[in-house]
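1. sequence first, predicted coordinates after that:
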Amino acid sequence: MKALSALSTEVRQYLLVSGNYWAFTLTDGALRMLVVLHFHTLGYTPLQIAALFLFYEIFGVITNLVGGYLGARLGLNRTMNIGLGMQVLALLMLTVPAAWLTVPWVMGAQALSGIAKDLNKMSAKSSIKLLVPDSQQGTLYKWVAILTGSKNALKGVGFFLGGALLALLGFTIAVLAMAAALALIWIGSLLLLKKDLGKAKAKPKFRDMLSKSRAINTLSAARLFLFGARDLWFVVALPVYLSSVFGWDFWLVGGFLAAWIIGYGIVQSFAPSITGKQRGHVPDGRAAFTWAIALAGLPALIALGLSAGWSGQVVLLGGLMLFGVLFAVNSSLHSYLIVSYAKEDGVSLDVGFYYMSNALGRLLGTLLSGWVFQTYGLEACLWVSSGFVLAAALISIALPRHGDTTQQPS
């Protein structure tokens, strides 16, 4: 406690924001795995499982757009705490008797969870912009990478936790335990988070939600295709494939996906070193294009290996590991660039717009993951994924490079 009190106010707020984000992410990852595996065992098809997350992703799109506006008007402390409270409610909705867990009810709970997740993420990412001076871009990149990487590592722990809790406690008790733990975090956040964090000096107008710079519009479009590419095969197709084709049980599916996400998060945390920060390089649009091109062909190569009859476990699992490394660097670069491009006053407006595109990509990827896998198989999901990454790379050509002006009007 003495060491914490000696820290600056900005660092203490950063730790509190990070702690909230970590706790939320843990429950979000666990819930995702619980829902996928539980409803798969009940006989739901991949497309039906994807439909359970439909409202989660749709409301994520809306929340990022409107949430950025609310964050600028009300303050990021309020939007973060609203997100934590809504996640508690979403978890409690899934503790009802099994007969009530119809598709519309679960979709409603997932809608609340989607709103909660994106309020929380938008608030956390926007807060960092306010806690680091604009002149310290290297520090900003490092803090964004640490927050993003640690979040994804904990999401991986959440995947494992979800599979483990389902095997040990069953669906209802597992969800109830997570709701109780997150409620305690929520109460602490209500008491400790700075009251005026992120509140814009000038009241933003509703039209400001869509009034963006060319750099932010371009990066948002690239982000849509990048995250659509990941979720195209990762959200529904991969866990169902591992369970049905490889015959893995809950522990193995949850454990492997957890290990992948944890490794992915660790790589994200070290992305500044990988992309040259130690040599004094801060990434720009050229770096976003280069790393996207490096990723673009990998899903197609995995699909070719599976079609050629090579060992499925070696090709798929090995390819997935390499995909995780390259995707982590791409994601971390994007997360830094949006915070760097965003205006400091009303930062959540720009960050919210960007993560709206992120949520739209996840929505598109989730739906295609269920439909393409059910209709054409995993190889088709991988081919479409490659196409999406290639689109992200081509769009990234238009991003500003060092020496360009990053905030030209669109």
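-> Alright, I've got the coordinates.

2. chain center to stretch 289-301, what's the gap?
-> 20 Å (C-alpha atoms, centre = their mean, to the nearest Å).

3. count the residues that sit near A308.
-> Neighbour count for A308, taken as other C-beta atoms under 10 Å: 8. All C-beta spots, glycine's among them, are computed from the backbone N, C-alpha and C.

4. likewise for Q48?
-> So Q48, with other C-beta under 10 Å, has 16 neighbours.

5. so how far is the helix or strand encompassing it off the chain centroid?
-> In the assignment (DSSP states H and E), Q48 maps to helix 46-52. Relative to its parent chain, helix 46-52 has a centroid offset of 19 Å by C-alpha atoms, centre = their mean.

6. what's it packed up against?
-> Where contact means 3 or more C-beta pairs under 8 Å, 6 or more residues apart in numbering; DSSP states H and E, helix 46-52 is packed against helix 9-41, helix 103-131, helix 237-244, helix 347-376.

7. okay, these in TSV with mean neighbour count next?
-> Formatted as TSV, these follow (neighbours: other C-beta atoms under 10 Å):
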stretch	mean neighbour count
helix 9-41	21
helix 103-131	24
helix 237-244	21
helix 347-376	25
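
8. returning to what we had before: which residues are in contact with the helix holding Q48?
-> Applying C-beta atoms under 8 Å, 6 or more residues apart in numbering, the contact partners of helix 46-52 are 35-36, 39-40, 44, 103, 106-107, 110, 235-237, 240, 366-367, 369-371, 373-374.

9. list the buried residues of it.
-> Buried positions in helix 46-52, judged by neighbour count with 16 or more other C-beta atoms under 10 Å: P46, L47, Q48, I49, A50, A51, L52.

10. what pLDDT, on average, does it get?
-> On average, the pLDDT along helix 46-52 is 74.

11. so for L301, which of the helices and strands packed on helix 46-52 sits nearest?
-> L301 sits nearest to helix 237-244 of all those, at 16.3 Å, using C-beta to C-beta.

12. please export the C-alpha coordinates of the closest one as CSV.
-> In CSV, the C-alpha atoms belonging to helix 237-244 read as follows (Å, rounded to 0.1, in the frame of the first residue of the first chain):
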residue,chain,number,x,y,z
ALA,A,237,-15.2,-23.0,-36.6
LEU,A,238,-12.0,-23.8,-34.6
PRO,A,239,-13.4,-24.8,-31.2
VAL,A,240,-16.1,-27.0,-32.9
TYR,A,241,-13.5,-28.5,-35.3
LEU,A,242,-11.2,-29.3,-32.4
SER,A,243,-14.1,-31.0,-30.5
SER,A,244,-15.7,-32.8,-33.4
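
13. would you mind confirming that M80 makes contact with L190?
-> No: M80 sits out of contact with L190 when judged by C-beta atoms under 8 Å, with a separation of 10.0 Å.

14. give me the mean pLDDT for stretch 66-79.
-> 70.

15. typo on my end, stretch 313-325
-> For stretch 313-325, the mean pLDDT works out to 90.

16. give the contact list for F234.
-> So F234 contacts S369 (C-beta under 8 Å, 6+ apart).

17. kindly reformat the buried residues of helix 46-52 as CSV containing distance to L76.
-> As requested, these are arranged in CSV below (distance: C-beta to C-beta, whole Å):
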residue, distance to L76
P46, 37
L47, 37
Q48, 36
I49, 33
A50, 32
A51, 32
L52, 30
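
18. wait, which of those residues is closest to A271?
-> A271 lies nearest to A50 out of the buried residues of helix 46-52, by C-beta to C-beta, at 29.8 Å.

19. need the nearest residue in space to the closest one, chain neighbours excluded.
-> Nearest residue to A50, sequence neighbours excluded (C-beta to C-beta, 6 or more residues apart in numbering): G370, at 2.7 Å.

20. wouldn't that neighbour be in contact with V236 here?
-> Yes: using C-beta under 8 Å, G370 is in contact with V236, at 4.7 Å.

21. which one of M80 and L190 is surrounded by more residues?
-> Neighbour tally, M80 and L190, criterion other C-beta under 10 Å: the higher count belongs to M80, 29 against 13.

22. so what's A393 closest to, chain neighbours aside?
-> A292 (3.6 Å).

23. quick one, what contacts that neighbour?
-> Listed by C-beta under 8 Å, 6+ apart, the contact set of A292 reads A222, L226, N330, V389, A392, A393, S396.

24. burial count for the nearest residue to the third one once chain neighbours are set aside?
-> Yep, that's N330 we're talking about. Computed as C-beta to C-beta, 6+ apart, the closest residue to N330 that is not its neighbour in sequence is W291, at 4.9 Å. Residues lying near W291 (other C-beta under 10 Å) number 26.

25. what's the offset of the helix or strand where W291 lies from the middle of its chain?
-> Using DSSP H and E, the element containing W291 is helix 285-296. Put simply, helix 285-296 sits 19 Å off its chain's centre (C-alpha atoms, centre = their mean).

26. any regions of the stretch 51-200 of the chain where pLDDT drops low?
-> The model of the stretch 51-200 of the chain has pLDDT under 70 over residues 67-69, 71-74, 125-145, 147-148, 194-200.

27. can you pull out the helices in it?
-> 54-74, 76-93, 103-131, 137-168, 171-192 (DSSP state H, counting those that start in this stretch).
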